[in-house]
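# below: sequence and its predicted model.
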Amino acid sequence: MNELEALALALEVEKAELKFYLGLARKAKDERAKRMFLFLAGEEAEHWKAFEERFVEELIERCELPAVDKELLEKLTPEYEGELSEVDAVRIGMEQEKLTWEFYEGAAKDAEHKDVRRVFEELARVEKGHYELLRAQYDSIMKTGIWMDYQDFSLEVD
């Protein structure tokens, strides 16, 4: 997969994640879970914006429109039907964030341009932070961790 194809796929993944988290926020009964899902939706919207900017720049430079790998897109985008328990929602979110961060790490290694590589590297770190946030929520729900009324790790990219 070339860099432009990876950017096109990343756009679709971020859009799907945005929809996923907004749907979970609408259905969440727990106010803290709702806030967390809305936070994650906002983060995904920012990622989409970053990828869109790089995609448009590359598109203009190359004058070619890549095809999106539909099979990989399906693997990288969350799907669910009906109602989800908070545990299932968080578990699906964790799986999704892990797949996304791993995809972005691989895309960064394959990127030809340093600016594209940097965007993928930064967002891989952010997606890993999302995984950690969801993991903390999962631990809280399962009573295996401490619920975060405080932040014990950073979601900020250095």
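Received the coordinates, thanks.
# how far is the lengthiest helix in the chain from where the chain is centred?
For the chain, the longest helix by residue count, based on DSSP state H, is helix 31-62. Distance, stretch centre to chain centre, for helix 31-62: 8 Å (Cα atoms, centre = their mean, to the nearest Å).
# list the buried residues of the helix or strand just after that helix.
Proceeding N to C from helix 31-62, the next assigned helix or strand is helix 70-76, under DSSP states H and E. Applying a neighbour-count criterion of 16 or more other Cβ atoms under 10 Å, one finds 72, 76 buried in helix 70-76. Backbone N, C-alpha and C define where each C-beta goes, glycine included.
# export helix 70-76 as CSV, just CAs?
Provided in CSV are the C-alpha atoms of helix 70-76 (Å, rounded to 0.1, in the frame of the first residue of the first chain):
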residue,chain,number,x,y,z
LYS,A,70,-12.2,-2.3,1.3
GLU,A,71,-11.2,-5.4,3.1
LEU,A,72,-8.7,-3.6,5.3
LEU,A,73,-11.2,-0.8,5.9
GLU,A,74,-13.7,-3.3,7.2
LYS,A,75,-11.1,-4.8,9.5
LEU,A,76,-10.1,-1.3,10.8
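# so what touches that helix?
Around helix 70-76, the neighbours that count as contacts under Cβ atoms under 8 Å, 6 or more residues apart in numbering are 1, 9, 12-13, 16, 96, 99-100, 103.
# give me the below-cutoff pLDDT ranges for this protein.
The chain contains residues with pLDDT under 70 at 59-60, 62-67, 144-158.
# let's see that with 50 instead.
By pLDDT under 50, the weakly predicted segments of the chain are 147, 150.
# quick check, L4 in contact with V56.
No - the criterion here is Cβ atoms under 8 Å, and L4 misses it with V56 at 10.9 Å.
# quick one: which of those two has more around it?
In terms of neighbours (other Cβ atoms under 10 Å), L4 is the more surrounded of L4 and V56; the figures are 19 against 11.
# for the helix or strand harbouring that one, buried residues please.
Counting by DSSP H and E, the element that carries L4 is helix 3-27. Of all the residues in helix 3-27, those buried under the rule 16+ other Cβ under 10 Å are 3-18, 20-25, 27.
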